[in-house]
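> A structural model of the following input is requested.
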Amino acid sequence: MRVAVISEMQAGSHRAHAINVVKTAGGFHRLGHRVTILCRAPQDPEPDLSAMFGEPGVEWSFAPERADFGRWAADAADHLSADMVYARNFEAPLRTSLAGIPTVLETHAHIGDPNPAIDLCMQATRRPGHPLAAVITINRRLREHFIRRGADPERVHVIPDGVDVELFSPPAVFPPAPWLGDADDRPRAVYAGHLYDYKGIPTVLDAAAVLPDWVFELVGGAPEDIARWSEAIGRRTQKNVRLRGHVPHAEVPRWLWRAGALLLPPSGRDPSAAWTSPVKLGEYLASGPPIVASDIPGLRDWVDGSVVRWVTPDDPAALAGAIAEVAKESARDSAARRAAASRLADQYSYRRRAQRILHAAGAGGGAFSALVGARDGSES
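Modelled structure (predicted):
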């Protein structure tokens with residue numbers, strides 16, 4: 001099957017949204033489908049996207065600079081003779097579904113987002129002819145929100161963010177730790193992701209001040225956020241916090257494998273605490289080290305205390321205490337936790353995610369097959 005994956009992201013983006021799109025596309029490819037990502041052109045004129053994301057089997061096509069993206073992407077999907085469209089965009093799926101291409105929309109739009117295109121897409125699931133086949137989201141609370149905005153309940157499905165299990169699972173022999181050049185043998189507490197306040201970064205810095213015997217490695221962050229936190233760290237004269245900046249997605253695992261603790265500390269004060277399903281959760285599960293996570297509803301929906309150490313959100317002392325505690329984990333407890341985390345990560349693999357999306361869209365069912373058959377017939 002030919003699958004067009006549509007997102008107005010810029011190719012090569014480090015944002016979680018972009019990673020999820022590319023890796024979900026890779027999931028479709030692993031199932032044997034031919035996949036083309038339709039998106040904005042990269043900033044770097046010649047990025048090695050295959051190496052950056054670890055998805056050599058995925059094809060790419062870039063919108064002209066001044067193009068109306070939704071219109072261009074819908075036309076491009078039609079030109080590709082796509083059998084299915086998977087979209088992280090609102091305009092294109094309205095067009096492709098009306099054109100008779102089985103279309104799935106994924107959206108994590110927050111509760112209360114006023115964008116009228118959301119309502120149009122939700123209403124499109126109820127069209128008597130060529131409805132939007134499915135809406136995918138990451139949390140039951142978001143699902144309920146989209147149903148209130150007009151979606152057909154039978155077409156709205158909750159599928160968590162995924163993980164590239166092959167990429168993040170620890171190898172038999174670890175490569176050198178990326179921080180070896182520091183000549184510092186203190187244990188590492190590692191956070192991988194953006195450095196926004198609501199991700200819990202203020203709590204991480206305060207916890208670091210309580211644990212001078214640990215080094216806190218923060219991997220990721222936009223340049224402006226790195227500058228802001230670098231200034232704050234300098235004012236506080238903290239010597240045990242390292243801001244590493246963005247690294248290619250395929251290089252993130254080596255920052256995780258040797259960690260003494262992996263940090264997932266989103267704030268409980270942000271509305272997203274009710275529905276977050278962070279990409280890094282699956283990556284942490286697959287990589288092996290202990291996970292210290294904020295006890296918030298969005299995370300509780302997907303994991304339990306057998307694989308994470310829960311802490312009160314926005315509480316630096318609690319975070320510091322949990323980091324110190326997981327360092328005392330026995331070999332037996334570590335083996336049991338790692339095995340449970342590995343099994344859970346496998347459930348969240350992008351291959352399985354792609355399978356669930358296809359199932360939600362009705363792929364293989366009569367209506368789906370009839371649409372694809374009618375489309376094939378119109379092109380013969």
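> Could you pull out the helices in the stretch 1-150 of the chain for me?
16-30, 49-53, 69-79, 91-98, 116-124, 140-148 (DSSP state H, counting those that start in this stretch).
> Serialize these to CSV and add fields for mean neighbour count, distance to residue 228 and mean pLDDT.
Placement of C-beta: from N, CA and C, glycine included. Converted to CSV, the helices of the stretch 1-150 of the chain look like this (neighbours: other CB atoms under 10 Å; distance: least, CB to CB, whole Å; pLDDT from 0 to 100):
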stretch, mean neighbour count, distance to residue 228, mean pLDDT
helix 16-30, 23, 20, 95
helix 49-53, 18, 26, 88
helix 69-79, 20, 31, 98
helix 91-98, 24, 34, 98
helix 116-124, 18, 31, 98
helix 140-148, 17, 30, 97
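> Now the element after the longest helix anywhere in the chain, going C-ward?
Using DSSP state H to define each element, the chain has its longest helix at helix 331-347. Downstream of helix 331-347, the next assigned helix or strand under DSSP states H and E is helix 350-361.
> list the buried ones in that following helix?
350, 351, 352, 353, 354, 355, 356, 357, 358, 360, 361 (16 or more other CB atoms under 10 Å).
> The nearest residue to the fourth one once chain neighbours are set aside: what's it in contact with?
Translated: residue 353. Nearest residue to residue 353, sequence neighbours excluded (CB to CB, 6 or more residues apart in numbering): residue 162, at 4.0 Å. Neighbouring residues of residue 162 by CB atoms under 8 Å, 6 or more residues apart in numbering: 20, 23, 24, 27, 279, 282, 348, 349, 350, 352, 353.
> what residue ranges in this structure are flagged as low confidence?
183, 364-380 (pLDDT under 70).
> what residue is smack in the middle of it?
By CA atoms, centre = their mean, the chain has its centre lying nearest to residue 279, at 3.4 Å.
> Next up, the contacts around the nearest residue to residue 213 once chain neighbours are set aside.
Of all residues beyond its chain neighbours, the one nearest residue 213 is residue 186 (5.9 Å), with distances taken as CB to CB, 6+ apart. Residue 186 makes contact with 213, 214, 215, 240 under the criterion CB under 8 Å, 6+ apart.
> Going through these, which ones are buried?
Judged by 16+ other CB under 10 Å, buried ones among the contacts of residue 186: 214, 215, 240.
> With distance to residue 168 as extra columns, can I get the helices of the stretch 1-150 of the chain in a markdown table?
Listed next are these as a markdown table, based on distance: least, CB to CB, whole Å:
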| stretch | distance to residue 168 |
| --- | --- |
| helix 16-30 | 11 |
| helix 49-53 | 13 |
| helix 69-79 | 30 |
| helix 91-98 | 30 |
| helix 116-124 | 32 |
| helix 140-148 | 25 |
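> Let me see the domain layout of this protein.
As recorded under automatic domain parsing, the domains making up the chain are 2-162+349-379, 165-347.
> Isn't residue 74 up against residue 92?
Yes: counting by CB atoms under 8 Å, residue 92 is a contact partner of residue 74 at 4.8 Å.
> any idea how far residue 187 is from the closest residue to residue 258 other than its chain neighbours?
Of all residues not flanking residue 258 in the chain, residue 177 sits nearest, at 4.5 Å (CB to CB, 6+ apart). Separation of residue 177 from residue 187 (CB to CB, to the nearest Å): 11 Å.
> re the thing from before, can you tell me the element the residue nearest to residue 258 falls in?
Going by DSSP H and E, residue 177 is not in any helix or strand.
> what's it in contact with, if anything?
Neighbours of residue 177 in contact, by CB under 8 Å, 6+ apart: 188, 254, 258.
> Let's have those in CSV, adding secondary structure and distance to residue 8.
Compiled in CSV, the contacts of residue 177 are given as follows (DSSP: H, G, I helix; E, B strand; the rest coil; distance: CB to CB, whole Å):
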residue, secondary structure, distance to residue 8
188, strand, 36
254, helix, 31
258, coil, 36
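> Throw these into JSON lines and include distance to residue 334 and neighbour count, thanks.
Listed next are the contacts of residue 177 as JSON lines, based on distance: CB to CB, whole Å; neighbours: other CB atoms under 10 Å:
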{"residue": "188", "distance to residue 334": "16", "neighbour count": "24"}
{"residue": "254", "distance to residue 334": "20", "neighbour count": "17"}
{"residue": "258", "distance to residue 334": "14", "neighbour count": "21"}
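> Just give the nearest non-adjacent residue to residue 141, would you?
In this structure, residue 141 finds its nearest non-sequential neighbour in residue 275, 4.9 Å apart by CB to CB, 6+ apart.
> Report the contact partners of that neighbour.
108, 110, 111, 138, 139, 141, 142, 297, 298.
> what about 6 Å?
Residue 275 makes contacts with 139, 141, 142, 298, as judged by CB atoms under 6 Å, 6 or more residues apart in numbering.
> longest strand anywhere in the chain?
Determined from DSSP state E, the single longest strand within the chain is strand 2-10.
> Who are the packing partners of that one?
Judged by 3 or more CB pairs under 6 Å, 6 or more residues apart in numbering; DSSP states H and E, the packing partners of strand 2-10 are helix 16-30, strand 34-40, helix 69-79, strand 84-88.
> Would you verify that residue 219 is located in a strand?
Yes: counting by DSSP: H, G, I helix; E, B strand; the rest coil, residue 219 falls inside a strand.
> right, and it touches residue 244 too?
Yes: with contact defined as CB atoms under 6 Å, residue 219 counts as touching residue 244 (4.6 Å).
> Could you list the residues in contact with the longest helix of the chain?
With contacts defined as CB under 6 Å, 6+ apart, helix 331-347 is touched by 163, 165, 282, 285, 286, 288, 306, 307.
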